[in-house]
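In: Return a 3D structure for these sequence lines:
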Amino acid sequence: MKTKFTVTLNDQEMKKLKLVAEMYGKDISAIAKIGVQLYLDRFIDFVVEEFEELEEGKERYSILH
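Out: Model prediction:
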């Protein structure tokens with residue numbers, strides 16, 4: 001499944017993105033796509049970890065009461 005969305009960058013972020021794209025000989029959209037994928041992977045890992053900790057906390061609370 002593919003989903004399209006828009007990412008808004010400020011001038012400084014855009015300059016950094018252009019620099020990285022030039023360094024690696026890629027276009028800006030390819031570099032941005034990689035960045036978004038890495039961010040989402042990290043975000044999903046974070047959410048899963050937080051959810052697991054929340055569930056463990058609920059289990060501990062129910063055992064104590």
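
In: Would you mark the buried spots in the lowest-mean-pLDDT helix or strand in the chain?
Out: In the chain, no helix or strand scores lower on mean pLDDT, DSSP states H and E than helix 28-64, which sits at a mean of 87. By neighbour count with 16 or more other C-beta atoms under 10 Å, helix 28-64 contains the buried residues Ile31, Ala32. (Each C-beta comes from the backbone N, C-alpha and C, glycine too.)

In: Point out the other helices and strands that that helix packs with.
Out: helix 11-24 (3 or more C-beta pairs under 8 Å, 6 or more residues apart in numbering; DSSP states H and E).

In: so what does the helix it packs on touch, helix or strand wise?
Out: In terms of contacts (3+ C-beta pairs under 8 Å, 6+ apart), helix 11-24 is packed against helix 28-64.

In: Now Lys2. Its backbone dihedrals?
Out: Torsion angles at Lys2 (phi, psi; degrees, to the nearest 10) stand at phi -110, psi 140.

In: And it, what's its pLDDT?
Out: Per-residue pLDDT puts Lys2 at 80.

In: Spit out the contact partners of it.
Out: With contact set as C-beta atoms under 8 Å, 6 or more residues apart in numbering, Lys2 has no partners.

In: Run the angle between the least confident helix or strand of the chain and helix 11-24 for me.
Out: With axes from the mean of the first three to the mean of the last three C-alpha atoms, to 10 degrees applied, the angle from helix 28-64 to helix 11-24 works out at 110 degrees.

In: Regarding Lys4, what is its secondary structure?
Out: coil (DSSP: H, G, I helix; E, B strand; the rest coil).
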